[in-house]
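> Build the 3D model from these lines:
(2 chains)
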Amino acid sequence: MANLKYRVLLIVALFAASAWALFPRTVVERVKRNGVFVYDTVKRVPLKRGLDLQGGMHLTLEVDESKQAVANKSEALDRALKVVRQRIDEFGVSEPVVQKAGDERIIVELPGLDDPQRAQEVVQNQAFLEFQITDKTQALEKVMSRFDDIAKQQGLAVGTDQKVLGDSAKPTTVTSLLTQKTDTAKKDSTKADTAKAAATTGGDSASKTPAATGGLFSTNVQPGQLPGQYIVPDKAYPAIERALALPAIQAAMPPGKVMRWGVDSLGTATEKFRTLYVLDARPIITGEVLTDARPSTDPVEGNVVQFTLNNEGARRFKTETGKHVKDNMAIVLDQRVVTAPVLNSAIGRNGQITLGGGTLQAAQDLALVLRAGALPVPLKVAEVRQIGASLGQDSINKGVLALGVAVALIIVIMIGYYKFAGVLAVVALIMYLVYTLAMLAGFHAVLTLPGLAGFVLSIGIAVDANVLIFERIREELDHGKSVRLSIDEGFRHALSAIIDTSATTILSGMVLYQYGTGPVRGFAVTLVAGLVASLFTAIFVTRTFFLLWLDRSRGTQTLSI
Amino acid sequence: MLRIFHDTKYEFVKHWRWAAGLTIAFILAGLITFGITGGVNYSIEFTGGTLMQVQFKTPPNVADVRATLDQAGITGAEIQQFGTATDYTIRAREEKQVAQQAAGAEGISKEIQSALDKKFGAGAVTVVRTEAVGPKVGSELRSGAAMAMLIASIFTLIYLAIRFDWRFGAAAVLSTVHDILVTFAFIKLLHIEVSLTVVAAILTLLGYSANDTIIIFDRVRENLRKPHKGMTLGQLLDKSINETLPRSIMTHATVLAATVALLILAGEVIRPFAWVMTFGVFVATFSSIYVAGPVLLWIESKYPREEDSATARAARAGNEAAAAAKPSGGRPERLATR
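From the prediction side, this is the model:
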């Protein structure tokens, strides 16, 4: 019975290998400790849990073409992929997935993430950096009346009376807001200008209720404390943003100037304001010349990002900043003004961006996106899934419970019906569980919730091959054949049905894998791996058990089946 | 030996008219509900839109939640209790909202969250799960799922045509089409939301039902090779079904045990999957006996086998003499070489 010995050896070896593959082990892995990355040994079970089972965030990004069409999308996406990957790698998730899906999308998976909002910003920030000098010539005031006319023609207004009435209370708030921060001398003069502008555009009919007909811009846009900075109430923000995008307004823009919104809004509990900047259109440098950026904390300025420029950038930056001493330089990220500090002297290779009270995390994130470079194209979120960690754990508990109960029920059914042969089938079933899980671990399959459900279901189906064989053996015994012959014939006759059913299942599993995404793919892998394991256990393992039994009990006339 | 359904002699095929009537009634009921309520209840991943599963500290008044969302401009959201009294799902998938998501899928979920925070106070509402899908992704997924079903059916047809005979393949595929129709009727009647997971369940069901059919057909093929003493094909089919009945009952029992365990214990998220699969166990049993069999008979009557069409015709006619004289000579050996 040398043949039998090899059979047993193969089964035992495979079982041992599978068990070893599933045993938790210690691996050296990059993990996050107190916000810093370190390499450390951690204990880890080889089967990875999907986002839906451990909690986390799944993002699908695609090229945003709403502003401008992108010529070579696939290539642009490849470059974007590199940037996103680099940012995510530095971001602080232990096992992120960043990959391209088709020619159109990037998939980002961040397991166990606790701050999805922040992740999204880091991924999506285009990180196009510009340094632009703010306008000192009050260019906006000069074109304000024209802007108002255009806005009126286009029917744009903050509109409702109620809002305009609210406006009348606003100037005081704005003034008080600003006086707390800076000296009032210059502001008063600009304020007078605005008032004048409002009066002229208002016309005669407006004299009674100047606020109501003062025009979209002149009523809502108040000068801020810096040259080129303006304050806009949050309510008027959408209307003004829309107005600024109008081609007519674009054409009426003062030559050589651009308008950019600030990143933050400021204000009191009741009123919120946005900042609007008028800047020189030509940037003195852009982010391309940046070589490094690091977050740091400055005793005076709070959290800052220090950056280093390359040789060419440093030379240009020095001459340009030299020309603009005492002016304000706006640091513009993705067309939003982060901050606009005064240049006290020429700056060379090293500079810093003050965040004006931003958190250290904000500084870290900004440094991170600057360092990783700019996205070649803007990206937008096409799909987001976010699952809380507790929900994931809950799903696992329930899934494992269902698995346990299903296995128990099947064991009862099989042993109850097939007695001794049923016990053999149950041992084979337990091997099936271990083999399948080991195979999944080998494929680096990710265990998802539908995958877990598919696995539970596969146990019900896995015994089918054994059932087919056992029923055949019974039939052969009915025909009065000997036990040994019945077992042989039973296996032989059941084989064609088993092969045909398995082949069709594997075919549909492959189709599922090809056309499915995410969770469904995991499901398909579970299905096919389970089927292979079930074929092996039902045909080979149970057969060996029977052979062993026949070997031990020579001349037995009855089989408990 | 404990035995159930051993050595049975039920006449299944005879009752095909009843079975067909039952199936057609069921499909019609599905179609009528389809006509009344309109459309399939696709999940967010297919239609585009936002789903949020939120957990309130205390059970909220649903009307309050709705009013809050309406105020925030999220009109027509579906608010549903989900599991416990404090768990709710909010679905926003009005056309307008979906169109808005083209600019970035995450927008609406932020609005919902801030509206809820404002109304119930920060911290009183925990977002457990968010899914937001832009409209483009959804329509692509939908065509992908339909594609998967079509291709899976074609593969099954080709495989069975090679392994058996095109008649068996065609019968199996037609019974698969029946399974799809009946399952959709079931999904419609139970108002199950069609998600990717449910699509996976439908595909599993189709595979499972095809398995069942194949096992019966395998027995038919085997019985055809043996001398069948003037049995009509219908009788042969009945015999094959009866012979495989113990196997069918056992396998369906174990699979049912697994699906019921999933249905009861595995939680709300997996329930649609478990429902479809539980139903699938019954559909598979029914369709492999009452659909695949009669369809096979029908195809055979239209397109008798060429090589021994005389035999087949004779066999169907129950002409004992002809069947005994001609077939048992050449046929078994030729088939055995396949």
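> CA atoms for contacts and neighbours, from now on please.
OK.
> how would you label A:Tyr230: helix, strand or coil?
Assigned by DSSP: H, G, I helix; E, B strand; the rest coil, the conformation of A:Tyr230 is strand.
> A:Phe273 is in contact with that one, correct?
No. Assessed by Cα atoms under 8 Å, A:Tyr230 is found out of contact with A:Phe273, at 9.8 Å.
> Sketch out the low-pLDDT regions of the stretch 201-350 of chain A for me.
Low-confidence segments of the stretch 201-350 of chain A, defined by pLDDT under 70, are located at A:201-214, A:265, A:267-270.
> hmm, try it at 50
Within the stretch 201-350 of chain A, the ranges that satisfy pLDDT under 50 run A:201-212.
> Whatever residue of the stretch 401-550 of chain A ends up closest to chain B is in what secondary structure piece?
Relative to chain B, the nearest point of the stretch 401-550 of chain A is A:Gly460 (4.0 Å; Cα to the nearest Cα). Using DSSP states H and E, A:Gly460 sits in helix A:449-478.
> Packing partners of the very next helix or strand once past that helix?
For helix A:449-478, the following helix or strand on the C-terminal side (DSSP H and E) is helix A:483-515. Where contact means 3 or more Cα pairs under 8 Å, 6 or more residues apart in numbering or on different chains; DSSP states H and E, helix A:483-515 is packed against helix A:449-478, helix A:518-535, helix A:542-552, helix B:135-163, helix B:196-225.
> what's the angle between the second one and helix B:196-225?
Spelled out, that is helix A:518-535. Relative orientation of helix A:518-535 and helix B:196-225, computed by axes from the mean of the first three to the mean of the last three Cα atoms, to 10 degrees: 30 degrees.
> Tell me which other helices or strands helix A:518-535 touches.
helix A:389-442, helix A:449-478, helix A:483-515, helix B:196-225.
> Which among those is found nearest to B:Ala170?
Closest to B:Ala170 of the helices and strands packed on helix A:518-535, according to Cα to Cα: helix B:196-225, at 11.6 Å.
> next SSE after the closest one?
helix B:233-265.
> ok now that next one, how far from the chain's centre?
Here the centre of helix B:233-265 is set off from its chain's centre by 16 Å, with Cα atoms, centre = their mean, to the nearest Å.
> can you pull the contacts of A:Asp89?
Contacts for A:Asp89 (Cα atoms under 8 Å, 6 or more residues apart in numbering or on different chains) come out as A:Pro96.
> After the host helix or strand of it, which helix or strand is next?
According to DSSP H and E, A:Asp89 maps onto helix A:73-91. Counting by DSSP H and E, the element after helix A:73-91 in chain order, helix or strand, is strand A:97-101.
> Can you tell me the SS state at the residue nearest to the spatial centre of chain A?
Most central in chain A under Cα atoms, centre = their mean is A:Leu59, positioned 3.4 Å from the mean C-alpha point. Classification of A:Leu59 using three-state DSSP returns strand.
> Okay, and the beta partners of it?
Judged by DSSP bridges, the bridge partners of A:Leu59 are A:Val108, A:Val384.
> Run a quick check on it versus A:Glu109, I expect a contact.
Yes. Counting by Cα under 8 Å, A:Glu109 is a contact partner of A:Leu59 at 6.3 Å.
> Low-confidence stretches in the chain?
No chain was given, so I picked chain A. Flagging of chain A using pLDDT under 50 yields the residue ranges A:159-212.
> oops, chain B please
Ranges of chain B meeting pLDDT under 50: B:309-310, B:319-338.
> Show me the residue sitting in the middle of it in space.
B:Ile202 (3.9 Å).
> That one is in contact with B:Val276, isn't it?
Yes. Contact criterion Cα under 8 Å: B:Ile202 and B:Val276 qualify, at 6.9 Å.
> shared neighbours, these two?
In contact with both B:Ile202 and B:Val276: B:Thr183, using Cα under 8 Å, 6+ apart.
> which non-adjacent residue is nearest the residue of the stretch 201-338 of chain B found nearest chain A?
Closest contact between the stretch 201-338 of chain B and chain A, by Cα to the nearest Cα, is at B:Val255 (4.0 Å). Counting by Cα to Cα, 6 or more residues apart in numbering or on different chains, A:Gly460 is the residue found nearest to B:Val255 once chain neighbours are left out, at 4.0 Å.
> Surely the one you found touches B:Ala261?
No. Look at A:Gly460 against B:Ala261 with Cα under 8 Å: they stay out of range, at 10.7 Å.
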